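Chemist: pasting a predicted model and its sequence here:
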Amino acid sequence: MLRSRLHPCLCSKLLSPLYLLSWHRGQFGLPHYLLLSKFIRRYPTVFHKSHVFDSGGTRVPCFELSSEALNLHHEELCVIRKCMMDLLERPRKLLMLTKDKTLPLQTTEQLKWDLGLSSDYIDS
């Protein structure tokens, strides 16, 4: 899965040149040895490939999300929006149960699944 933080270039139905997408390869979470172009070409059901011509007449490969992948991404965003209040309410209730209205990070780490936190909640 590409995570829910897709680059805006991919979230629109506009074509994005490969060189532009490669600037954002870190958002895909790919290992350094894997080329972005190989990754994209491995999943033709997710990425639709086409070409545009640059000012010199050279064909530049461009990619966009397939309609199925784009629909799945929008569905995921809708689910996250619907659950947002619940995600905010769980830690709030837990904090109200604590004496000083604080929660040690170690406890948060142990309860992250129960609280509905993502695995990278510290970085986000």
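Modeler: Sure thing, it's come through. Numbers count the residues shown, from 1 in each chain.
Chemist: when you work out contacts or count neighbours from here on, use the C-alpha atoms and nothing else.
Modeler: Noted.
Chemist: show me where pLDDT drops low in the protein?
Modeler: 1-14, 124 (pLDDT under 70).
Chemist: how about a cut-off of 90?
Modeler: Filtered on pLDDT under 90, the chain yields the residue ranges 1-67, 69-70, 73, 79-124.
Chemist: what about the strands in it?
Modeler: 16-17, 47-53, 59-65 (DSSP state E).
Chemist: residue 116: which of those strands is closest?
Modeler: strand 59-65 (28.2 Å; Cα to Cα).
Chemist: pairing partners for that closest one, with directions?
Modeler: Applying DSSP bridges, strand 59-65 is found paired with strand 16-17 (antiparallel), strand 47-53 (antiparallel).
Chemist: quick one: buried residues of the helix ranked longest in the chain?
Modeler: When the chain is parsed with DSSP state H, its longest helix is helix 67-97. Neighbour counts using 16 or more other Cα atoms under 10 Å place 70, 73, 91 of helix 67-97 among the buried residues.
Chemist: please list all residues in contact with the last one.
Modeler: Residues in contact with residue 91, defined by Cα atoms under 8 Å, 6 or more residues apart in numbering, are residue 115.
Chemist: reformat the strands paired with strand 59-65 as JSON lines; add mean neighbour count and distance to residue 85.
Modeler: Listed next are those as JSON lines, based on neighbours: other Cα atoms under 10 Å; distance: least, Cα to Cα, whole Å:
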{"stretch": "strand 16-17", "mean neighbour count": "20", "distance to residue 85": "34"}
{"stretch": "strand 47-53", "mean neighbour count": "15", "distance to residue 85": "33"}
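Chemist: ok, so what distance separates the residue in the chain sticking out farthest from the centre from residue 108?
Modeler: No residue in the chain has its C-alpha farther from the mean C-alpha position than residue 99, which lies at 36.5 Å (Cα atoms, centre = their mean). Per Cα to Cα, to the nearest Å, residue 99 is found 15 Å from residue 108.
Chemist: phi, psi for residue 29 please.
Modeler: phi 70, psi 30 (degrees, to the nearest 10).
Chemist: try the one 4 residues further on
Modeler: Main-chain dihedrals, residue 33, degrees, to the nearest 10: phi -80, psi -10.
Chemist: so who does it touch?
Modeler: Neighbours of residue 33 in contact, by Cα under 8 Å, 6+ apart: none.
Chemist: fine by me, thanks again.
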